[in-house]
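1. output the structure for:
(chains A and B)
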Amino acid sequence: MAYLSTTDFIEDKDFLDKWRYTMRTGELDLSWMNEDRQVEPCTPKQPRRGLTLRDLDVPGYGFTEMPEIARRNRSFAPRGAEIPAGCPDLQADVNRKSEVWAYNVEGYYEEAMTRQWNATTDVPWQEIVSAEIPEDVNRAYAQLLTFLSEVEMIATDVPAKWLGHLNADFFEVKNFIATQAMDEARHMEVFRKRALATGHGLLRASAQNETNLKFLRDADGFAEMSLALHLQAEGNVLTLFRFSEYISPTEADKKMFRLVMQDEARHVGYGMQHLKWVLDHFPEKREIVHKHLDEAENFLFGAGYATEVTEPFIMLAGKGLTQECIRKGIEITLKFQLQQIEEYFERLERCGMPERREKSRLWQIVEMTKAAQAEMAAAAQPAG
Amino acid sequence: MISFPSLEFFQALQARMREKQELFQRLGYFDTTFGVRVLDNGGAHSFILGFEVFENVRVEQVGAIEQAEVDFVLEGPLGVWREMLDNIRRNRGADAAHSLNTLTHFGESLRSVYLDPDAHDKMYRFAESIQQYFNLAAEVDLA
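-> Okay, here's the model as predicted:
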């Protein structure tokens, strides 16, 4: 146990005497009643929606008036409460709003709360169990699900790790990343269940993948982590989930991927709106962002193009292992990979970084992919 | 019997969605406005559908869709739309070849047109709600 109380309360005479006196005489302290923290009662602006965090954005309590640096509150005093002397410094090491804030973060939180789903009961498992899927396709699917389970465990740990580091005044962000940790845990759960439902179980974990994604967990700062996780990694994974829905062998699997892509798109939304906030309010951070993206792109490329990832995609897209199926699968998978990169640059452009397209080394991948497509197209032409 | 494409068709979906409030509440907040553009013989039938909280609050037929007014536009030939709806009616919901994501994924059957990728991502943030909305066509008496 790292922290021990500075007072042994059961042995502290002053503490015990005061408590006994109060209980015996009924003379209450009541000094807390003198705090003047009055507020107009908050009411739902949209009754159909209920009372949201946005409805609580009022003077003295809201997020709009929060300063860039949270100096006043170093404890767990809820934002807006009086902070008496003696509240301990809980040593949150993320105290700048620009490190964490995103436009509409309170909206993303409310959306997350209403759109939670249940991996046990919302996927039609009975349909999956009775579906007939060719053996090699089913096996490739089990490998894809193994990879996805692995990724989601990393994605659960990363936001959860940062929860305790954020100043308590940023609770809208803390609440949102708490929902993300829950989302990612549920994704790991559903992919594990689906893998074991294939009958092939979990196949090979990916050393390359884990080594490359470890950097998400080891990021030096929250903003660096968010850029790499929410915007880049989850942007790529969102395209991947959409592709997985596209190549899914059953309607039930498609529903499963629709449910996971909902959560993923919400996380990407937070990432985009966080970057926009940073660039709008602190344009001097642009070059730092580019440096973070340089390294993040290197790691993500290594992770996403691992054998245990790409080969199952090829088999699932081509629906088999014959030469023709593999040729078709490669053609479709290359299109998907180009789509991932294109959508990544589109998002950055929307956030205010159109120049990333030129600065990034990912264009080399684009050129390689297009060259591969051209070679395939030429090889498919009849001779003569 | 209701023809497709028509304002009447989308009003029928709106009515069915009201009847299935429990399903859509269970799925959660559904906050997006998107366009549907059905390409037909060189022209187009265009509609704007607005969703807020748990309801379909706007159903409008327009001459043309202002792209900035919507999060994205689902566009495609009448034949593809009709095949999707017939499939939904036959199977009481889209089968594996006819989900909206499948049909729009590479833009070969239907495509999703957008200006803002963040707004476009609402197609995925609310993916199951949008699919369930179109699945309501199973209960519409289509001509």
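2. and the strands in chain B, which stretches?
-> For chain B, the strands defined by DSSP state E cover B:32-40, B:43-52, B:55-62, B:72-77, B:111-113.
3. output the ones you listed as CSV; include the columns mean pLDDT.
-> Formatted as CSV, these follow (pLDDT from 0 to 100):
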stretch, mean pLDDT
strand B:32-40, 98
strand B:43-52, 98
strand B:55-62, 98
strand B:72-77, 98
strand B:111-113, 96
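4. adding distance to A:Leu203 and mean neighbour count, write these out as CSV.
-> Yep, even glycine has a C-beta here, placed from its N, CA and C like the rest. Output for the strands of chain B, formatted as CSV (distance: least, Cβ to Cβ, whole Å; neighbours: other Cβ atoms under 10 Å in any protein chain shown):
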stretch, distance to A:Leu203, mean neighbour count
strand B:32-40, 37, 20
strand B:43-52, 40, 18
strand B:55-62, 43, 15
strand B:72-77, 36, 20
strand B:111-113, 33, 18
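5. show me the contacts for B:Leu39.
-> B:Glu75, B:Gly76, B:Pro77, B:Leu78 (Cβ atoms under 8 Å, 6 or more residues apart in numbering or on different chains).
6. show me what it bridges to in the sheet.
-> Judged by DSSP bridges, the bridge partners of B:Leu39 are B:Ala44, B:Pro77.
7. next one: it from A:Val39, what distance?
-> 54 Å (Cβ to Cβ, to the nearest Å).
8. cool, A:Gly352 as well?
-> 35 Å.
9. the more surrounded of those two?
-> Neighbour count, other Cβ atoms under 10 Å in any protein chain shown: between A:Gly352 and A:Val39, A:Gly352 has more, with 16 against 12.
10. what about the residue nearest to the more buried one when sequence neighbours are not counted, which SS state?
-> Nearest residue to A:Gly352, sequence neighbours excluded (Cβ to Cβ, 6 or more residues apart in numbering or on different chains): A:Leu279, at 4.5 Å. Secondary structure, DSSP: H, G, I helix; E, B strand; the rest coil: A:Leu279 is helix.
11. what sits against A:Leu279?
-> A:Lys285, A:Arg286, A:Val289, A:Cys351, A:Gly352, A:Met353.
12. biggest separation within these, which pair?
-> A:Lys285 and A:Cys351 (12.3 Å; Cβ to Cβ).
13. for the nearest residue to B:Phe10 once chain neighbours are set aside, give me its contacts.
-> Leaving aside its chain neighbours, B:Phe10 sits nearest to B:Val59 (4.7 Å; criterion: Cβ to Cβ, 6+ apart). Contacts for B:Val59 (Cβ under 8 Å, 6+ apart) come out as B:Leu7, B:Phe10, B:Gln11, B:Leu13, B:Gln14, B:Phe47, B:Ile48, B:Leu49, B:Gly50.
14. out of the contacts of B:Leu39, the closest to chain A would be?
-> B:Gly76 (15.9 Å; Cβ to the nearest Cβ).
15. helices of the stretch 101-250 of chain A, residue ranges please.
-> A:105-114, A:125-130, A:135-163, A:171-198, A:207-217, A:222-226, A:234-247 (DSSP state H, counting those that start in this stretch).
16. tell me which parts of chain B are close to chain A?
-> B:27-29, B:31, B:52-55, B:93-96, B:99, B:101-102, B:105-106, B:116-118, B:121-122, B:124-128, B:131 (Cβ under 8 Å from any Cβ of the partner chain).
17. burial of the residue in chain B that chain A sits nearest to, as a residue count?
-> Residue nearest to chain A within chain B: B:Gly28 (3.4 Å; Cβ to the nearest Cβ). Residues lying near B:Gly28 (other Cβ under 10 Å) number 22.
18. confirm for me that it is in contact with A:Arg115.
-> Yes - with contacts counted by Cβ atoms under 8 Å, B:Gly28 reaches A:Arg115, the gap being 3.4 Å.
19. on that earlier part again, I'd like to know how far the residue of chain B closest to chain A sits from A:Val237.
-> Distance from B:Gly28 to A:Val237, by Cβ to Cβ: 21 Å.
20. please apply the same query to A:Thr120.
-> Taking Cβ to Cβ, one finds A:Thr120 at 23 Å from A:Val237.
21. so if I had to pick from the two, which one is more boxed in?
-> A:Val237 (25 against 11).
22. if we can go back for a sec, redo the contacts of B:Val59 as a markdown table? Include distance to A:Lys161.
-> Shown next, in a markdown table, are the contacts of B:Val59 (distance: Cβ to Cβ, whole Å):
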| residue | distance to A:Lys161 |
| --- | --- |
| B:Leu7 | 51 |
| B:Phe10 | 46 |
| B:Gln11 | 49 |
| B:Leu13 | 44 |
| B:Gln14 | 45 |
| B:Phe47 | 46 |
| B:Ile48 | 43 |
| B:Leu49 | 40 |
| B:Gly50 | 39 |
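23. and which of the residues you listed is nearest to A:Trp125?
-> Among those, and counting by Cβ to Cβ, the member closest to A:Trp125 is B:Leu13, at 28.7 Å.
24. how about the contacts made by the closest one?
-> Neighbours of B:Leu13 in contact, by Cβ under 8 Å, 6+ apart: B:Asn56, B:Val59, B:Tyr133, B:Phe134, B:Leu136, B:Ala137, B:Val140.
25. hang on, the earlier thing: pLDDT wise, what is the residue nearest to A:Gly352 at?
-> With respect to pLDDT, A:Leu279 scores 94.
26. CA atoms of stretch B:21-38 as PDB?
-> Provided in PDB are the C-alpha atoms of stretch B:21-38 (Å, rounded to 0.1, in the frame of the first residue of the first chain):
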ATOM      1  CA  GLN B  21     -39.600   3.700 -30.500                       C
ATOM      2  CA  GLU B  22     -38.400   1.100 -28.100                       C
ATOM      3  CA  LEU B  23     -35.900  -0.300 -30.600                       C
ATOM      4  CA  PHE B  24     -34.500   3.100 -31.500                       C
ATOM      5  CA  GLN B  25     -34.300   4.200 -27.900                       C
ATOM      6  CA  ARG B  26     -32.400   1.100 -27.100                       C
ATOM      7  CA  LEU B  27     -29.900   1.900 -29.900                       C
ATOM      8  CA  GLY B  28     -29.400   5.400 -28.400                       C
ATOM      9  CA  TYR B  29     -29.100   9.000 -29.600                       C
ATOM     10  CA  PHE B  30     -29.500   9.200 -33.300                       C
ATOM     11  CA  ASP B  31     -28.300  12.700 -34.400                       C
ATOM     12  CA  THR B  32     -27.700  13.100 -38.100                       C
ATOM     13  CA  THR B  33     -29.200  14.600 -41.200                       C
ATOM     14  CA  PHE B  34     -28.500  12.900 -44.500                       C
ATOM     15  CA  GLY B  35     -29.600  13.000 -48.100                       C
ATOM     16  CA  VAL B  36     -30.900  10.200 -50.300                       C
ATOM     17  CA  ARG B  37     -30.400  10.700 -54.000                       C
ATOM     18  CA  VAL B  38     -32.000   8.200 -56.300                       C
END
